[in-house]
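S.K.: coords please:
(one chain, ligands or ions: 1)
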Amino acid sequence: MRVVAVQDYRALSVAGADAIAEVIGAKPSAAVAVATGNTPLGAYDELAGRHRRGELPTARLRVFQLDDYVGVRPDDPRSLYGWMKRAFVDPLGVPPERVVRLAGDAADPEAACAAYAQAVRGAGGLDLAILGLGLNGHLGFNEPPCDASAPTRVVTLTEESVASSAGYWGSREVVPTRGVTAGMDLLLAARRILLLVSGASKREILRRALLEPPTGALPASHLQRAADVVVLADRAALSEELSGGTLES
Ligand code: GLP
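M.R.: Numbering: from 1, shown residues only. Here you go, the predicted structure:
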């Protein structure tokens, strides 16, 4: 695992874009799981600029949605599919037929999860998983407790996740209580994982995720056992122990 410290959100966005562009440059048909949330937005914006300038070919990219709410249609602007489309797929010019949904609105969401997992495996696994860190240590919607082999599935959202989505939904009462998420099994098997972390609110959970023994109570701690992880974090998100750089694991 490599922990890369950058000064602030702007630097995080540029370095995040560099890391993503590196994977796409080496393999234009890369299979990439794309996080929503606020943290990666700057990096996506930076990538969109590079795409517009003709510096980032995306016609062959394969995009996999990371997570969504159950029962929310993809054309609902509050769906995470809609978020991913606005923030990544459209500005980067990814052809719609190369986007694999994780259909939380399906009549049988568990079957949709199985189909998604099959699609990832059919693609030969993920080349890159772009992830953010939940305040409770979740990755995608892999809520605690969750072990490293947790499959793509329907999950009940924790109180903490519902509360942190309240702003996005307008009020806590209307936030869906269930989600679908790419499994820890698929994410941890990605050939590269890029975890983007910004801000003081994530400092303590990031410290515990990287420095305490891996535990299902903190899903992101399973990253310690993944093959190729780059944690890109700004100064505000890094505790003193982590500010130094490379972490051997
Ligand atoms: C959300 C999403 C995750 C996201 C994380 C962090 O609940 N389900 O996919 O990465 O929480 O979000 P943010 O980057 O806004 O802090």
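
S.K.: At the contact with the ligand, which residues of the chain appear?
M.R.: 35-39, 66-67, 132-134, 140-141, 161 (Cβ under 6 Å from any ligand atom). C-betas here are computed from N, CA, C, even on glycine.

S.K.: Just the ones of those in strands?
M.R.: 67, 132 (DSSP state E).

S.K.: I'd like the average pLDDT over stretch 10-19.
M.R.: What stretch 10-19 shows for mean pLDDT is 98.

S.K.: got the buried residues for that stretch?
M.R.: Across stretch 10-19, burial judged by 16 or more other Cβ atoms under 10 Å covers 11-13, 15-17, 19.

S.K.: before we move on, back to that, highest neighbour count among the residues of the chain next to the ligand?
M.R.: Most neighbours among the residues of the chain next to the ligand, by other Cβ atoms under 10 Å: Gly140, with 30 neighbours.

S.K.: Can you pull the phi/psi pair for it?
M.R.: Main-chain torsions, Gly140, degrees, to the nearest 10: phi 60, psi -130.

S.K.: ditto for Ala5
M.R.: phi -90, psi 130.

S.K.: Where does the prediction get shaky in the protein?
M.R.: Within the chain, the ranges that satisfy pLDDT under 70 run 245-249.

S.K.: repeat that for 90
M.R.: 241, 243-249 (pLDDT under 90).

S.K.: Please, where are all the strands along it?
M.R.: Assigned by DSSP E, the strands in the chain fall at 2-6, 31-34, 62-65, 67-69, 99-100, 128-132, 153-156, 178-181, 193-197, 229-234.

S.K.: Make CSV from the ones you listed and add distance to Glu46 to it.
M.R.: Below are the strands of the chain laid out as CSV (distance: least, Cβ to Cβ, whole Å):
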stretch, distance to Glu46
strand 2-6, 13
strand 31-34, 14
strand 62-65, 17
strand 67-69, 23
strand 99-100, 20
strand 128-132, 13
strand 153-156, 31
strand 178-181, 26
strand 193-197, 12
strand 229-234, 13
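
S.K.: And the ones you listed: which comes nearest Glu204?
M.R.: Closest approach to Glu204 among these is made by strand 193-197 (11.5 Å; Cβ to Cβ).

S.K.: between the closest one and strand 128-132, how many degrees?
M.R.: Here strand 193-197 points in a direction 20 degrees away from that of strand 128-132 (axes from the mean of the first three to the mean of the last three Cα atoms, to 10 degrees).

S.K.: ok, which stretches of this protein are helices?
M.R.: For the chain, applying DSSP state H gives helices covering 9-26, 41-52, 80-84, 109-122, 159-169, 184-188, 203-211.

S.K.: got TSV for the buried residues of stretch 10-19, with distance to Ser165 too?
M.R.: Below are the buried residues of stretch 10-19 laid out as TSV (distance: Cβ to Cβ, whole Å):
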residue	distance to Ser165
Ala11	27
Leu12	22
Ser13	23
Ala15	27
Gly16	22
Ala17	26
Ala19	27
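
S.K.: burial measure for the spatially closest residue to Leu133 that is not a sequence neighbour, as a count.
M.R.: Closest residue to Leu133 apart from its sequence neighbours, by Cβ to Cβ, 6 or more residues apart in numbering: Val197 at 5.1 Å. Neighbour count for Val197, taken as other Cβ under 10 Å: 26.
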